[in-house]
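Asker: sequence plus predicted model, see below.
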Amino acid sequence: MEIGERRDGDILILSPAGRIDNDTSQDFQTRLLAALAPAAAVLVDFSTVEYISSAGLRALMMGSKQAKATNGRLAVAALGPVVKEIFEISRFSMVVQVFDTPADALAALR
């Protein structure tokens with residue numbers, strides 16, 4: 001799994017591609033937690049993520065916990081149909097803010 005990274009002002013945008021599963025979730029979690037420095041704002045753009053497993057959701061949950069502990073902010077955007085269904089079934093939108101588009105998420109994080 002590749003994880004692109006770019007900045008939009010003070011917001012870091014991570015763009016994982018492919019699958020976030022047992023094989024890749026640890027790398028994703030490490031990158032996400034490193035990005036969530038104190039008071040940081042991070043957007044995870046899911047537009048090229050095909051699938052997320054429970055291990056991937058756990059990585060996001062750890063990121064959410066760290067964001068709350070350090071007064072950071074975390075949001076996800078652009079969930080594809082499969083990932084969106086997984087978020088709905090697991091009720092994960094109650095753990096992390098979910099936006100339809102990266103632009104919507106960026107506006108909310110500013």
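Answerer: Received, thanks. Bear in mind that the values here come from a model prediction, so they are computed numbers and not experimental data.

Asker: mind checking how far residue 69 is from residue 88?
Answerer: According to C-beta to C-beta, to the nearest Å, residue 69 and residue 88 sit 27 Å apart. For every residue, glycine as well, the C-beta is placed using N, CA and C.

Asker: how about residue 59?
Answerer: 19 Å.

Asker: between the two, which one's more packed in?
Answerer: More crowded of residue 59 and residue 88, by other C-beta atoms under 10 Å: residue 59, with 25 against 12.

Asker: dump the residue contacts of that one.
Answerer: Residues in contact with residue 59 (C-beta atoms under 8 Å, 6 or more residues apart in numbering) are 20, 25-26, 28-29, 32.

Asker: which of the helices or strands spans it?
Answerer: For residue 59, the element it lies in under DSSP states H and E is helix 54-69.

Asker: who are the packing partners of the helix or strand harbouring residue 29?
Answerer: Per DSSP H and E, residue 29 falls inside helix 25-35. Applying 3 or more C-beta pairs under 8 Å, 6 or more residues apart in numbering; DSSP states H and E, one finds that helix 25-35 contacts strand 2-8, strand 11-20, strand 41-45, helix 54-69.
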